[in-house]
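> build me a structure from this.
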Amino acid sequence: MSDLKNKRIITVATTGAWPKKTNNPNLPTQPEEIAEEIYNCWKEGAAVAHVHIRDKEDNDSMDVEIFRAVLDNVRTKHPDCDIIFNLTAAGGIANTEEGRMAPFKTLKPEMASFDCGTMNWMHIGIFNNNPQFLMNMGTAMQEAGVKPEVEVFDIGMIWEAKWYRDHGYLQDPVHFQFCMGCAGGIPATIENLVLMKNALHEAMPGSTWSAFGTGKGAMEIMYAAIAAGGNIRVGMEDNVLYKKGQLAESNMQLIARARRVIEEFGCEVATPDEARQILGLK
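Modelled structure (predicted):
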C-alpha cells in the first residue's frame, strides 16, 4: 500500500435524493442522464460513483429496476468504464428498511452506503437508522459481498461504527464517508474535519476515509481532506453550485476541479483499480 499513499480517490455523487432541476437544470435525474454523467465523470477521474435514482417525476426512489437501468446503461454503452458502483441504501428518509436494502441485495454492487446512526434530518424529519436495522444491513451486506461505506454525520457515529465492527456487523478495513454540513449533523469546517479524522484514528486505526461538505462548506472540506490524507466526494448531490452565484454546468465540471486541486497539491488521482486496492475490495 505504500505506493498508494499519494493517491486520492474521487467519488462522484451525481444526483442525490433532494436537489431538483428547479435548483439546477443541469442535474441528472433519469437513468440515461445519470448513466452518461457517471461515465463522463469517470473519464474526468472519478473512481467511485455514489448512485441515487429518481422516479419519472424526479422524486427520490429506491426502485431496484431503476438502479438496474442506470448500471446496465453504463455497462452496455460504455464497457470500458470500470468505475466502482456505490449504491445508496437510504434514498430519502421515508423509505422502508427492506426497500433500502433491496437494491444492493439484488444487484450486488461493489459498495453501498451504511448510515451509522439515527438523526434529525434537515429540520424536516427523522433519518431512522436504528440498531436492529444496522445489524440486519451489516449482515445482509456481508452475505451479498458488498462493502459498506459507513456514512457518519457526526463524531459519535464513528464510535457507533466501532461497536458494529467489534460485534461482527462491519469488517476491517472499514471505509468511512464524513458527511459534513447537513443540517442536523456536524458543520463543515476544517476544525471539525480534524476532530473527525482524529476520532477515527483513535477508534478504528487502519480505516480509510473520505469527506465532503455541503453547500458553502464544499470547497473548505475538499481542500482540507486532500491535505489531511483523505479522499473526497464531490457532485451535485452535495452542491448544485460551482461557486457562489454560479450554477454547476455538470458533475464533470466539479470532478475536473477536484482533479486539478489534487494534482496541484502534489498528489495523484486514484484509478478505479487503485481505489479497489485502497478500499480492500475483492
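> below-threshold pLDDT in this structure: ranges please.
For the chain, the stretches flagged by pLDDT under 70 are 1-2.
> nearest residue to residue 56 in space, please, no chain neighbours.
Nearest residue to residue 56 in three dimensions, chain neighbours excluded: residue 30, at 7.7 Å (C-beta to C-beta, 6 or more residues apart in numbering). Every residue, glycine included, has its C-beta placed from N, CA and C.
> pretty sure the one you found is touching residue 54, no?
Yes - with contact defined as C-beta atoms under 8 Å, residue 30 reaches residue 54; the gap is 6.9 Å.
> now do the contacts for the residue nearest the centre of the chain.
Centroid-nearest residue in the chain: residue 50, 4.8 Å away (criterion: C-alpha atoms, centre = their mean). Neighbouring residues of residue 50 by C-beta atoms under 8 Å, 6 or more residues apart in numbering: 11, 12, 13, 14, 86, 88, 113, 149, 233, 235, 237.
> now do the contacts for the spatially closest residue to it that is not a sequence neighbour.
Nearest residue to residue 50 in three dimensions, chain neighbours excluded: residue 13, at 4.3 Å (C-beta to C-beta, 6+ apart). Applying C-beta under 8 Å, 6+ apart, we find residue 13 in contact with 50, 52, 212, 233, 234, 235, 236, 237, 238.
> and residue 13, its phi and psi?
Main-chain dihedrals, residue 13, degrees, to the nearest 10: phi -110, psi 90.
> what's the answer for the one 5 residues further on, then?
Residue 18 adopts backbone torsions of phi -110, psi -50, taken as degrees, to the nearest 10.
> figure out how far stretch 234-241 is from the centre of its chain.
From the chain centre to the centre of stretch 234-241 is a distance of 12 Å (C-alpha atoms, centre = their mean, to the nearest Å).
> brain fart, stretch 26-35
Centroid separation for stretch 26-35 versus its chain: 17 Å, with C-alpha atoms, centre = their mean.
> what's the span of stretch 207-221 from first residue to last?
End-to-end distance for stretch 207-221, by C-alpha to C-alpha, to the nearest Å: 19 Å.
> got the contact list for it?
Residues outside stretch 207-221 that contact it (C-beta under 8 Å, 6+ apart): 9, 11, 13, 172-182, 187-190, 193, 196-197, 200, 222, 224-225, 230-234, 238-239, 241, 243-244, 278-280.
> buried sites along that stretch?
Residues of stretch 207-221 classed as buried: 207-214, 217-221 (neighbour count, 16 or more other C-beta atoms under 10 Å).
> and what of stretch 123-141?
127, 128, 129, 133, 134, 137, 138, 140, 141.
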